[in-house]
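**Student:** For reference, the sequence and a predicted model appear below.
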Amino acid sequence: MPEVVVNGGVVCYDLIGPETGQVLVVTPGGRFSRKYRGVRPFAEALAADGKRVLIWDRPNTGASDIQIYGRSESHMRAETLAGLVNALDLGPVVALGGSGGARDSIVFAIEYPQLVSKLVVWSIVGGTFSSMSLASVYVLDEIRTVRRRGIDGILGLVGRAGSWQDLVNANPRNKQRLYDLGADEFARVMWRWLEAYVPKSTEAIPGVSDSEMRGLNVPTLIVRGGENDIDHPKRTSFEVHALIEGSRLIDPPWAEDAWERGQAARDAGVGGIFDAWMHGVPTFLDFIDE
């Protein structure tokens, strides 16, 4: 598989579409890889319009190397994406991201504005419930476990998609990378990453100050959160729209309850949480082509 070393870690990726096409980067959420259901079909639909689409395994997803450093996991991933785009000589790119990928893409645009021509984000996490939920999923168990049982305990945190053991199974180098990092440094970074998920009145989204958001100066399309989506609140999409000058806020191009339907379909084994993204392709392409 194609890969590039960025900041001492291997990053796996795929480029889809013609070499002469405008470059788009698609970043999904969670600890889900570029091979997770819905990601590649979405990228291929964008590429069918003549775009060149980059999908990638962010550090701590898929077959890429584990990376544990930085102000937050999103800041670490934004730095990695910048290194990947530069290594492949792709910039500036249109950055598209949903859920955690929306946050990663926003941080990427803030930190590396020279690499971003347009920004498209949806299913944005923010507010007390969804931020604390992420802390519970990605950080709190890690802190408790590494303090008691070290890296062996971290590798024993199984039973959820994208566990550390899943990352080792996908890339055996990751086991030694965790041991080389060590329990003390792992814990130090987890405590720092936890800070991003502590709700703050000056942060519409976890780990990104409102003042940083106000400094964004890139054409931005924001999809409003679903009416009853507690993981990606409607309110947060309005707040992000208010902070990014000149941004455009649109109603969802998919069903109002698409996230809830996607979760139910995933749990029943008949669909996935990212399947609805396909309904956004025409709208996103219209914005990109303006």
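**Tutor:** Ah, there it is. Numbering: from 1, shown residues only.
**Student:** Return the residues in contact with L155.
**Tutor:** Applying C-beta atoms under 8 Å, 6 or more residues apart in numbering, one finds that L155 lies in contact with W164, Q165, V168, K175, L178. From N, CA and C alone the C-beta is placed, and that goes for glycine too.
**Student:** Okay, strands next: where are they in the stretch 101-250 of the chain?
**Tutor:** Taking DSSP state E, counting those that start in this stretch as the test, the strands found in the stretch 101-250 of the chain are 116-122, 220-223, 248-250.
**Student:** Which strands or helices does the helix or strand just after the last one pack on?
**Tutor:** In this case it means strand 248-250. Downstream of strand 248-250, the next assigned helix or strand under DSSP states H and E is helix 258-268. Taking 3 or more C-beta pairs under 8 Å, 6 or more residues apart in numbering; DSSP states H and E as contact, there are no helices or strands that helix 258-268 lies on.
**Student:** For the helix or strand following helix 258-268, enumerate the helices and strands it packs against.
**Tutor:** Going down the chain from helix 258-268, the next helix or strand is helix 281-289, by DSSP H and E. For helix 281-289, the elements it packs on are helix 39-47, strand 116-122, judged by 3+ C-beta pairs under 8 Å, 6+ apart.
**Student:** buried ones in helix 281-289?
**Tutor:** Buried residues in helix 281-289, counted by 16 or more other C-beta atoms under 10 Å: V281, T283, F284, L285, F287, I288.
**Student:** so that helix versus strand 116-122, what angle?
**Tutor:** Here the directions of helix 281-289 and strand 116-122 differ by 150 degrees (axes from the mean of the first three to the mean of the last three C-alpha atoms, to 10 degrees).
**Student:** gap between the two ends of stretch 12-29?
**Tutor:** Distance across stretch 12-29, first residue to last, is 16 Å (C-alpha to C-alpha, to the nearest Å).
**Student:** same deal with stretch 222-242?
**Tutor:** 11 Å.
**Student:** got the contact list for the residue sitting nearest the centre point of the chain?
**Tutor:** By C-alpha atoms, centre = their mean, the chain has its centre lying nearest to G101, at 2.3 Å. For G101, the contact set (C-beta under 8 Å, 6+ apart) comprises V26, T27, P28, G29.
**Student:** Please repeat the previous calculation with a cut-off of 10 Å.
**Tutor:** Applying C-beta atoms under 10 Å, 6 or more residues apart in numbering, we find G101 in contact with 25-30, 32, 39, 58, 74, 77, 95, 108, 121-124, 274.
**Student:** ok so, going back, return the most buried member of the helices and strands packed on helix 281-289.
**Tutor:** Ranked by mean neighbour count, the helices and strands packed on helix 281-289 are led by strand 116-122 with a mean of 24 (mean count of other C-beta atoms under 10 Å).
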